[in-house]
Each structure stands twice: as C-alpha cells, then as structure tokens.
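1. task: produce atomic coordinates for the following.
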Amino acid sequence: MKTALSRLWPPTVATVCAALITARLTEYRVPLELLFCTGLAVFAAVADLLAPLASRTRTYSCPTCPLTVQVTNVAATEEARLRELATDHTAHTTRS
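-> Residues are numbered from 1 along each chain as shown. This is a model prediction of the structure:
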C-alpha cells in the first residue's frame with residue numbers, strides 16, 4: 001500500500017496545481033485552448049519536478065571513473081556501504 005501511495009502523490013499534486021492555476025486564469029476570460037495548454041504545461045512541469053522525490057532509486061558514482069551504483073529499496077546500512085563502494089573502490093579507470 002505504501003508503494004502505491006508513493007507512486008500516486010506526484011501526479012495528484014501536479015493535477016491539483018494545474019487545476020488551481022487554470023481556475024484562476026478563467027477569471028480573466030482566457031480562451032479555452034490556452035487554458036488547456038497552460039494546464040497541461042503546469043501539470044507536466046510539476047510532475048517532472050516531483051518525480052525524483054517519489055523515486056526510491058538512488059544513484060552513486062565514483063568521482064574519478066565511470067563506475068555508478070544504483071540502489072532501490074535497500075536498508076540504510078546497505079545503502080551506506082554501496083555509497084562508500086562507489087566513491088572508494090580499487091579498480092579505477094580513467095574517465096573519458
């Protein structure tokens with residue numbers, strides 16, 4: 001249940017923001033086509049901004065080589081270990 005809610009809140013917040021802004025624009029007699037485009041743009045922008053917050057995937061990368069570690073739904077101790085592994089490992093290659 002918690003994972004379903006974590007996936008639903010970004011589009012819900014985006015929909016509410018788009019509806020509120022569109023409702024405010026109707027007071028100024030904005031044409032329907034422009035209201036639709038504005039509402040869609042606000043929805044897309046807010047949903048895009050909130051999507052990383054709802055994601056449980058974290059990516060850690062080595063500052064000197066192309067190694068990256070992606071973790072999803074792991075315990076805090078395991079995440080800390082993988083973060084250390086990504087930043088301090090022995091098999092460094094040059095970044096091109």
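2. name the element the residue of the chain positioned farthest from its centre belongs to?
-> The centre of the chain is farthest from one residue, Arg29, which by C-alpha atoms, centre = their mean lies 33.8 Å away. Arg29 belongs to no helix or strand when assigned by DSSP states H and E.
3. same question, Thr38
-> Thr38 belongs to helix 32-54 when assigned by DSSP H and E.
4. same thing with Pro66?
-> Counting by DSSP H and E, Pro66 is part of no helix or strand.
5. just the pLDDT for the residue nearest the centre of the chain.
-> Residue closest to the average C-alpha location in the chain (C-alpha atoms, centre = their mean): Pro52, at 1.6 Å. Looking at Pro52, its pLDDT is 77.
6. and if you look at Thr94?
-> Looking at Thr94, its pLDDT is 52.
7. ok, Val74 next?
-> pLDDT recorded at Val74 is 73.
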